[in-house]
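Asker: Following is a predicted model, sequence given first.
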Amino acid sequence: MRRQRQSDQLIGVVAAVVVGAGLVVSAVNWLLANRWLLVVLGLTAAAAGGAWLYRRQQRAREEAVRVRALRYAMPQLDALHHSRFEDAVRDLMHRDGCRDAVRVGGGGDQGADVKATDPYGRLWVIQCKHRRHGAAGAAVGTPDLQVLNGTARPVHHADVAVIVTNGRVTAPAVTFAQQQRLHVVDRHTLAVWACGARPLWELLPAVPRPRRPPAGP
């Protein structure tokens, strides 16, 4: 009985293969007899592929224009959620030519909210401190700079370590930053950076030397 079932199954498989092969042969013969259809299908596929590629390139051009024209006023930045503030800093770095700019903020970010490599090959590690009340909010203090100092270079291998805030920075924090070769972007510097077209490295003093010549467009 078991052998009979196995024999029936084998016959069924063989029959299916024969039928399938016959259908394939018939389809091939029909296409050979109607080659114009292959030409039409090929032209249609080529046209669809060309249209898709054109739309993709057009979207890329539009995005490049949008990024180059990116500007933020301080009231806009003040109104953002802290995570959207990190997005804004990432986008500004992208505008400046950091094609790999990425927001990494969140749990376990180890003091890095945004990371980006500038056109000169320098790795930027940025910690963002958003204050809902802007200059009236709590000032960024030395402990915030100590966190950045403890992870930016040892953990993330940063060439440039930066803290960015839409608020104030205490005088001791500024002094600590200078001693540890950290960079502070306070509300004033952020306003100049966000509403203009100059890259951040042109606004900060004592930025490390480039690792390489700037990449082409």
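Answerer: It's in.

Asker: all contacts plus neighbour counts: C-alpha atoms, from now on.
Answerer: Will do.

Asker: Report the central residue of the chain.
Answerer: Among the residues of the chain, the one closest to the centroid is Val102, at 4.5 Å (CA atoms, centre = their mean).

Asker: From Ala21, how far off is it?
Answerer: The spacing between Val102 and Ala21, counted by CA to CA, to the nearest Å, is 53 Å.

Asker: cool, and Asp91?
Answerer: Distance of Asp91 to Ala21, computed by CA to CA: 57 Å.

Asker: Kindly report the same for Pro75.
Answerer: 70 Å.

Asker: circling back: can you pull the phi/psi pair for the residue nearest to the centre of the chain?
Answerer: phi -140, psi 140 (degrees, to the nearest 10).

Asker: Let me know whether it touches Arg90 as I believe.
Answerer: Yes: with contact defined as CA atoms under 8 Å, Val102 counts as touching Arg90 (6.0 Å).

Asker: overlap in contacts of those two?
Answerer: Shared contacts of Val102 and Arg90, defined by CA atoms under 8 Å, 6 or more residues apart in numbering, comprise 114-116.

Asker: what about the protein, any weak spots by pLDDT?
Answerer: Scanning the chain for pLDDT under 70 picks out the ranges 1-8, 10, 12, 14-15, 37-38, 51-69, 105-109, 215-217.

Asker: Please parse it into its domains.
Answerer: As assigned by automatic domain parsing, the chain contains the domains 2-67, 74-202.

Asker: looking at the ones you listed, which is buried most?
Answerer: Highest mean neighbour count of those: domain 74-202, a mean of 19 (counted as mean count of other CA atoms under 10 Å).

Asker: picking up where we left off before, from the shared contacts of Val102 and Arg90, which is closest to Asn34?
Answerer: Ala116 (56.1 Å; CA to CA).

Asker: Am I right that the closest one is in contact with Val104?
Answerer: No: Ala116 is not in contact with Val104 according to CA under 8 Å; the separation is 10.4 Å.

Asker: ok, back up a step: so of the shared contacts of Val102 and Arg90, which ones are in helices?
Answerer: Using DSSP state H, no member of the shared contacts of Val102 and Arg90 falls in helices.

Asker: Kindly reformat those residues as a markdown table and extend each row with distance to Val207.
Answerer: Shown next, in a markdown table, are the shared contacts of Val102 and Arg90 (distance: CA to CA, whole Å):
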| residue | distance to Val207 |
| --- | --- |
| Val114 | 17 |
| Lys115 | 16 |
| Ala116 | 15 |
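
Asker: Please identify which of these is nearest to Gly50.
Answerer: Closest approach to Gly50 among the shared contacts of Val102 and Arg90 (CA to CA): Ala116, at 33.3 Å.

Asker: give the contact list for that closest one.
Answerer: Applying CA under 8 Å, 6+ apart to Ala116 gives the contacts 90, 93, 98-102, 123-125.

Asker: Secondary structure and distance to Ala171 added to those residues, as JSON lines?
Answerer: JSON lines is the format used below for those (DSSP: H, G, I helix; E, B strand; the rest coil; distance: CA to CA, whole Å):
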{"residue": "Arg90", "secondary structure": "helix", "distance to Ala171": "26"}
{"residue": "Met93", "secondary structure": "helix", "distance to Ala171": "26"}
{"residue": "Cys98", "secondary structure": "coil", "distance to Ala171": "30"}
{"residue": "Arg99", "secondary structure": "coil", "distance to Ala171": "34"}
{"residue": "Asp100", "secondary structure": "coil", "distance to Ala171": "33"}
{"residue": "Ala101", "secondary structure": "coil", "distance to Ala171": "30"}
{"residue": "Val102", "secondary structure": "strand", "distance to Ala171": "30"}
{"residue": "Leu123", "secondary structure": "strand", "distance to Ala171": "27"}
{"residue": "Trp124", "secondary structure": "strand", "distance to Ala171": "23"}
{"residue": "Val125", "secondary structure": "strand", "distance to Ala171": "22"}
